[in-house]
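Chemist: The sequence and its predicted three-dimensional model are supplied below.
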Amino acid sequence: MVGAGKGVMGEAMLAAYATLPLRGRFHAEAGSATRSPFQRDRDRIVHSTAFRRLRYKTQVFVAPDGDHFRVRLTHSLEVAQIARSLARVLGLDEDLTEALALAHDLGHPPFGHSGEDALAAAMEAWGGFDHNAQALRILTRLECRYLGWDGLNLNWETLEGLAKHNGPVLAPGWAMREMDGDWGLELGSFSGLEAQVAALADDIAYDNHDLDDGIRAGLFGLEEAAAEVPFVAEALAAVTARWPGVRARRRMVPELVREQIGRMTDDLLGETRARLAEVRPVDAAAVRGAGRALVGMSEEMTAQTGVLKRFLRGHMYTHPRVAALRDPSQEVVAGLFAALHGQPEALPADWLAALPEDEPGRARHVGDYVAGMTDRYALRRYEQLIGPSPLPADVAL
């Protein structure tokens, strides 16, 4: 790694435990006169092809025909907003936090978790598939926007945060082991606080925005959620007390979401400050060596949000309208992998030219191609290679 030195922005306002760009990039680059090292990482992620593809990748609904439902792109932006706000209050590097939030879902294949399960099963003989490791492959190998190297040449701290934002990786799969071998990501320790914040911001965003989308889609009602989830009932009571004259229940939902996000973030800040006061880390290395996560919610809030997660699992993620698309979505992904692995000449010319001669490289190369597809591109390729889509006719391309 090539040391990055100090960026253009001063670090005096950062807390002592904030992550600094100390280990630099794999390939030497001159510093920027206008942006810090982590700002450049964030900008490279935003300008990447993989980031643009998130616009047409499933969050919950496959190829949603409603303009207001969330997709991977809008979810990532919402996570980044929450994460950056938390980082600012805690004295962390906002740009690193934002970069991690924007990149955390880059490795998802088409059709969300259903597509990931199908691709993992299809690639089982060659080591399987994991979307977190795939994000690192994209950022270090598959995005080719520079003449001097493959990947985006991000800072070590950015790659380390992506690898471990959900905690230490104690049983890495082949892709994560490969990344660790090249970049030395210290998988057995915790990440810096910026990555921990991004991970919790992800939870906060999808818990609340999936509730919003589920009500909008008519999968369940506001009253039903309040009846089964005490946290929702308490937040709704607070909103109703502030706005006693509002009768339009749909207008209550955005206010409810704001209330719930506020309660979750306030709790997270209080709990995190308490943990930091107990451990007193003097720098980011001390955070990594603390032996536990230092960003988190209280036990009470964790229990409350657990009830919300179970409600969403039962009333949204496994709802018949959503579940009906799981099997056909997996059929598309599994069918594409099998067809292209069996007939690699059907790959685009540039992908075919780079196809490894031997296994497992060939299968993993095909997996990279399938994982990069958007929902609608996967459906088009399926129809070209195999036949009519198994998804219902009303699923938009």
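Modeler: Yes, it's here. Residues are numbered from 1 along each chain as shown.
Chemist: Please count neighbours and contacts with C-alpha atoms only from this point.
Modeler: OK.
Chemist: What number of residues are in the vicinity of Asp327?
Modeler: The number of residues packed near Asp327 is 14, by other C-alpha atoms under 10 Å.
Chemist: next one: the one 3 residues further on
Modeler: Other residues within reach of Gln330, judged by other C-alpha under 10 Å, total 24.
Chemist: same thing with Glu357?
Modeler: Look at Glu357: counted by other C-alpha under 10 Å, it has 8 neighbours.
Chemist: How is it assigned, secondary-structure-wise?
Modeler: coil (DSSP: H, G, I helix; E, B strand; the rest coil).
Chemist: Equivalent analysis for the one 10 residues further on, please.
Modeler: Applying three-state DSSP to Gly367 yields a three-state assignment of helix.
Chemist: Could you verify my assumption that it touches Met123?
Modeler: Yes. Counting by C-alpha atoms under 8 Å, Gly367 touches Met123, with 7.4 Å between them.
Chemist: Any idea how far apart the tips of stretch 339-348 sit?
Modeler: Chord length of stretch 339-348, first to last residue, is 13 Å (C-alpha to C-alpha, to the nearest Å).
Chemist: Ramachandran coordinates for Val229?
Modeler: In terms of degrees, to the nearest 10, the main-chain angles of Val229 are phi -120, psi 110.
Chemist: ranges for the strands of the stretch 151-300 of the chain?
Modeler: Using DSSP state E, counting those that start in this stretch, no strands are assigned anywhere in the stretch 151-300 of the chain.
Chemist: wait, isn't Asn166 in contact with Gln196?
Modeler: Yes. If you go by C-alpha under 8 Å, Asn166 and Gln196 touch, sitting 7.1 Å apart.
Chemist: More neighbours: which of those two?
Modeler: A side-by-side neighbour count of Asn166 and Gln196, using other C-alpha under 10 Å, places Gln196 first with 24 against 18.
Chemist: dump the residue contacts of the residue nearest to that one when sequence neighbours are not counted.
Modeler: Residue nearest to Gln196 in three dimensions, not counting chain neighbours: His165, with 5.4 Å by C-alpha to C-alpha, 6 or more residues apart in numbering. Residues near His165 by C-alpha atoms under 8 Å, 6 or more residues apart in numbering: 190-191, 195-196, 198-199.
Chemist: from those residues, which two are the most distant?
Modeler: Maximum pairwise distance in these, criterion C-alpha to C-alpha, is 13.4 Å, between Phe190 and Ala198.
Chemist: between those two, who's got more neighbours?
Modeler: Ranked by neighbour count (other C-alpha under 10 Å), Phe190 and Ala198 place Ala198 first, with 32 against 28.
Chemist: what's the spacing between that one and Leu86?
Modeler: 9 Å.
Chemist: same question, His319
Modeler: Applying C-alpha to C-alpha, the value for His319 to Leu86 is 33 Å.
Chemist: Between those two, tell me which one has more neighbours.
Modeler: Here His319 and Leu86 are compared on neighbour count by other C-alpha under 10 Å; more neighbours surround Leu86, at 23 against 15.
Chemist: Might you report the residue contacts of that one?
Modeler: Counting by C-alpha under 8 Å, 6+ apart, the residues that Leu86 touches are 197, 265, 269.
Chemist: Within the helices and strands, which one has it?
Modeler: In the assignment (DSSP states H and E), Leu86 maps to helix 72-90.
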